[in-house]
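> Got a predicted structure plus its sequence, pasted below:
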Amino acid sequence: MSTTQLESYLASDEELLLSFRAEDVSRGGDDDDDTPDFSEMLENQNASKYTFGATDRRVVYLDDSGAFKDIDYQHISSIESDMEEDNSEQGAGLALGCCGGFILLGGFGSLADQPGMALLMVVGGIALVALAVKIFQNADTSEKQKIKFITGDEVHQQIEITLPSNADENIGAELSRILREQR
């Protein structure tokens, strides 16, 4: 979804002040209801990227298939921004380490019954644990920016977005500035 496609959702006299991409959008609140929210609507469409735009009136966001939501600034009470460590690359290391640990335990457990197989299992388990440690050491732990829109008068009182790790770290501050200036 490009900025040009985002602009097609704007009114003719509406000005796009900021646009950016996001990896994830989640909505939450205190109330549970039976109406599907934006995230549920997108689950069946395999949406993976979102385009956000802050205009002189509202925030508009859409997924790559064209589903969209907009929030007028009068409904947003605050914007929070925080950095979160991204450990997504460490999952393979954790899985290998667990497998290696179980194989190692199995090798020690069968040492008396089958010494040859037990020795092979111990060596294999140690190798998997060592490989897992190496993966953990080389894993890229980057930080991703999370921005939360707090809305006080909607059922879902929070909309949280996760930006890619290469996103400008000032987007949260810029959104806050736009919100304050456009009220």
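Happy to help now that I have it.

> make it CA atoms for all contacts and neighbour counts henceforth
Will do.

> which residues of this structure fall in strands?
16-22, 24-28, 50-55, 58-63, 68-72, 76-86, 142-151, 158-162 (DSSP state E).

> Show residues contacting the lengthiest helix in the chain.
For the chain, the longest helix by residue count, based on DSSP state H, is helix 115-138. For helix 115-138, contacts defined as C-alpha atoms under 8 Å, 6 or more residues apart in numbering pick out 90, 92-111.

> Quick check: PyMOL command selecting the buried ones in the residues you listed.
Only the buried members of the contacts of helix 115-138 enter the following PyMOL selection, criterion being 16 or more other C-alpha atoms under 10 Å:
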select buried, resi 90+93+94+96+97+98+99+100+101+102+103+104+105+106+107+110+111
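
> Out of the contacts of helix 115-138, name the ones that lie in helices.
Short answer: the contacts of helix 115-138 in helices (DSSP H) are 92-109.

> ok, now how distant is the nearest residue to residue 179 once chain neighbours are set aside from residue 119?
Once flanking residues are discounted, residue 179 sits nearest to residue 73: 6.3 Å by C-alpha to C-alpha, 6 or more residues apart in numbering. From residue 73 across to residue 119, the span is 66 Å (C-alpha to C-alpha, to the nearest Å).

> Nice, that's everything, thank you.
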